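Student: just coords:
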């Protein structure tokens with residue numbers, strides 16, 4: 001048994017603190033004992049239906065049954081596949097097919113595992129299942145059209161937890177934020193770091209998430225973890241006032257570039273907090289590098305460094321691209337060996353992952369993020385390939401030129417899609433809503449008479465984006 005296996009750590013906490021709050025969600029407080037029994041019942045159902053060791057999907061609403069489902073699926077030795085609550089259904093179908101999912105656990109999303117509820121609390125623990133299998137499959141945007149599923153192993157998660165628990169003093173009295181969607185791999189940190197130490201996971205409603213700083217104060221959050229853009233939103237709403245987060249003692253950020261100005265604003269609100277910038281692609285399991293900001297360095301401008309890789313991992317710079325190796329590297333992409341072989345390669349017995357991130361290392365061996373080698377970007381922490389928007393529209397356009405471009409507006413990245421010629425813009429937007437998640441939708445679809453070209457015959461992206469500003 002790996003001592004930092006996520007389920008092993010949860011069971012330890014449930015045994016040590018059975019009556020302590022493990023989860024606060026939807027106005028309910030659920031103890032470790034209750035969550036353990038509820039997830040045991042789900043595990044028994046999964047095993048009894050013959051789905052142990054398989055991939056099991058659920059609709060990832062941030063409701064109590066979802067957290068029990070994650071634990072129950074993993075207790076059964078299975079891997080969970082979270083489906084985005086806002087769909088769309090066609091994307092669900094693609095995800096289910098690519099992951100080879102044969103069963104769904106949930107409420108009205110009926111399959112042979114439906115009907116689990118808290119009424120089976122007290123069920124004895126399921127038999128011990130192998131802990132060297134798959135933990136979850138999470139889907140990110142793919143440049144060739146359609147989502148790309150990353151397969152992450154239990155051992156990958158255990159390696160991440162081992163590092164976090166060794167370098168950070170999390171306590172059983174801590175109250176952890178759960179701001180991330182359950183389809184976003186940073187949520188895995190929220191759940192299993194919290195439950196590893198016997199803490200309470202605090203889940204805001206959608207309206208509470210919008211005012212995250214106020215929610216964190218009211219909920220007594222002591223460990224904050226978010227994308228930087230959530231802090232920017234709190235600044236705009238003027239909820240990040242001086243001393244607004246007096247209880248926060250550890251603040252972690254990941255998923256997007258963190259600027260010193262955003263960090264200064266957060267520090268004003270959380271004067272006692274340690275400030276940690278994490279970096280890592282989904283393929284390297286949650287995060288794989290960290291930089292702790294010294295309060296004496298907060299006067300800087302620009303982007304906060306991504307720091308050094310974790311001690312059990314290693315990184316190298318090939319050209320300007322960061323490549324990673326170590327026990328956190330994911331297994332690859334489900335149903336796409338070609339993509340796996342492009343991103344992961346073995347050299348002299350060592351497996352490396354090509355991140356696509358451009359970095360530099362300073363004279364203190366600290367890594368600094370410079371940008372991407374491709375067109376991938378982050379929107380509210382979600383990986384987005386603008387080409388996936390174009391691919392979704394291509395069947396409707398019959399070869400008509402189309403390109404989606406990012407534009408930074410007020411500290412946030414927004415997408416704009418440009419189509420050559422006269423098109424039915426509302427119809428195209430409705431089609432995108434049918435096949436893409438909400439965070440990938442462009443702000444607008446704009447018509448252009450002809451795609452502008454530079455003197456060298458390349459697409460003039462700047463000229464296109466100027467049309468957004470000038471009409």
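Tutor: That came in fine, so what should we check first? Bear in mind the structure is a predicted one, so any value in this text is a computation, not a measurement.

Student: which non-adjacent residue is nearest residue 87?
Tutor: In space, and not counting its chain neighbours, residue 87 is closest to residue 437: 7.6 Å by Cβ to Cβ, 6 or more residues apart in numbering. Heads up, the C-betas are built off the backbone N, CA and C, glycines and all.

Student: Tell me what residue 139 is bridged to.
Tutor: Beta-bridge partners for residue 139, by DSSP bridges, are residue 149.

Student: What does residue 56 show for phi and psi?
Tutor: Main-chain dihedrals, residue 56, degrees, to the nearest 10: phi -120, psi 130.

Student: helices and strands around the longest strand belonging to the chain, which ones?
Tutor: Looking across the chain with DSSP state E, the single longest strand is strand 350-361. Contact here means 3 or more Cβ pairs under 8 Å, 6 or more residues apart in numbering; DSSP states H and E; on that basis strand 350-361 packs against strand 314-318, strand 321-325, helix 337-343, strand 344-347, strand 367-372.

Student: need the contact list for the residue lying closest to residue 300 once chain neighbours are set aside.
Tutor: In space, residue 300 comes closest to residue 260 once its chain neighbours are excluded; the distance is 4.6 Å by Cβ to Cβ, 6+ apart. By Cβ atoms under 8 Å, 6 or more residues apart in numbering, residue 260 lies in contact with 298-304.

Student: can you check residue 173 too?
Tutor: Contacts of residue 173 (Cβ under 8 Å, 6+ apart): 199, 222.

Student: Helix, strand, or coil at it?
Tutor: Look at residue 173: counting by DSSP: H, G, I helix; E, B strand; the rest coil, its state is coil.

Student: Ok, residue 130 next?
Tutor: coil.

Student: Give the closest residue to it in space, chain neighbours not counted.
Tutor: Residue 130 sits nearest to residue 77 (Cβ to Cβ, 6+ apart), 5.5 Å away.

Student: Pull the number of nearby residues for residue 305.
Tutor: Residues near residue 305, counting by other Cβ atoms under 10 Å, number 24.

Student: wait, it sits on residue 366?
Tutor: Yes. Using Cβ atoms under 8 Å, residue 305 is in contact with residue 366, at 4.9 Å.

Student: which neighbours do the two share?
Tutor: Common neighbours of residue 305 and residue 366 (Cβ under 8 Å, 6+ apart) are residue 291.

Student: hmm, back to that, of the contacts of residue 260, which belong to helices?
Tutor: Nothing among those maps onto helices, per DSSP state H.

Student: And the residues you listed, which two are furthest apart?
Tutor: Greatest spatial distance in these: 299 and 303, 14.5 Å, computed using Cβ to Cβ.

Student: Look at the two and report which has more neighbours.
Tutor: residue 303 (17 against 8).

Student: What residues are bridge-paired with the more buried one?
Tutor: On the basis of DSSP bridges, residue 303 is bridged to residue 259.

Student: again with the one 5 residues further on
Tutor: For residue 308, the beta-bridge partners are residue 290 (DSSP bridges).

Student: And it, what's its pLDDT?
Tutor: Looking at residue 308, its pLDDT is 97.

Student: show me the residues around it that make contact.
Tutor: Per Cβ under 8 Å, 6+ apart, neighbours of residue 308: 289-291, 365-367.

Student: domain ranges for the protein?
Tutor: As assigned by automatic domain parsing, the chain contains the domains 6-309, 385-470.

Student: okay, those in JSON lines with distance to residue 324 next?
Tutor: Listed next are the domains of the chain as JSON lines, based on distance: least, Cβ to Cβ, whole Å:
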{"stretch": "domain 6-309", "distance to residue 324": "5"}
{"stretch": "domain 385-470", "distance to residue 324": "20"}
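
Student: Can you tell me which of those domains has the worst average pLDDT?
Tutor: For the domains of the chain, mean pLDDT drops lowest on domain 385-470, to a mean of 83.

Student: thinking again about what came up before, give me the contact list for the longest strand of the chain.
Tutor: So strand 350-361 is in contact with 281, 283-284, 306, 316-318, 320-325, 329-330, 342-346, 367-374, 376, going by Cβ under 8 Å, 6+ apart.

Student: which parts of it are buried?
Tutor: Residues 352-359 are the ones in strand 350-361 that count as buried (16 or more other Cβ atoms under 10 Å).

Student: Turn the residues you listed into CSV, including pLDDT and distance to residue 164.
Tutor: Listed next are the buried residues of strand 350-361 as CSV, based on pLDDT from 0 to 100; distance: Cβ to Cβ, whole Å:
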residue, pLDDT, distance to residue 164
352, 97, 23
353, 97, 20
354, 96, 25
355, 95, 20
356, 91, 25
357, 92, 21
358, 90, 26
359, 93, 22
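
Student: and of these, the nearest to residue 381?
Tutor: Taking Cβ to Cβ as the measure, residue 381 sits nearest to residue 357 out of the buried residues of strand 350-361, at 14.8 Å.

Student: Check whether residue 176 really touches residue 203, as I assumed.
Tutor: No. At 9.8 Å, residue 176 and residue 203 do not qualify as touching, with contact defined as Cβ under 8 Å.

Student: Phi first, then psi, for the closest residue to residue 31 other than its chain neighbours.
Tutor: Leaving aside its sequence neighbours, residue 31 sits nearest to residue 19 (Cβ to Cβ, 6+ apart; 5.3 Å). Note on residue 19: backbone dihedrals following degrees, to the nearest 10 are phi -100, psi 0.

Student: contacting residues for residue 19?
Tutor: Residues near residue 19 by Cβ under 8 Å, 6+ apart: 31-33.

Student: Residue 125: which of these is nearest?
Tutor: For the contacts of residue 19, the minimum distance to residue 125 (Cβ to Cβ) is 12.1 Å, reached by residue 33.

Student: Touching, that closest one and residue 14? I think so.
Tutor: Yes. Contact criterion Cβ under 8 Å: residue 33 and residue 14 qualify, at 6.4 Å.

Student: neighbour-wise, which of those two wins?
Tutor: residue 14 (24 against 17).

Student: Run through the helices of the stretch 101-250 of the chain in chain order.
Tutor: 154-167, 186-197, 206-210, 212-219, 228-237 (DSSP state H, counting those that start in this stretch).

Student: for those helices, which one ends up most surrounded?
Tutor: The highest average neighbour count among the helices of the stretch 101-250 of the chain, using mean count of other Cβ atoms under 10 Å, belongs to helix 186-197 at a mean of 24.

Student: Quick one: work out the angle between that helix and helix 154-167.
Tutor: Calculated by axes from the mean of the first three to the mean of the last three Cα atoms, to 10 degrees, helix 186-197 forms an angle of 60 degrees with helix 154-167.

Student: if I look at the nearest residue to residue 343 once chain neighbours are set aside, how far off is residue 193?
Tutor: Closest residue to residue 343 apart from its sequence neighbours, by Cβ to Cβ, 6+ apart: residue 354 at 5.5 Å. As defined by Cβ to Cβ, to the nearest Å, residue 354 lies at a distance of 28 Å from residue 193.
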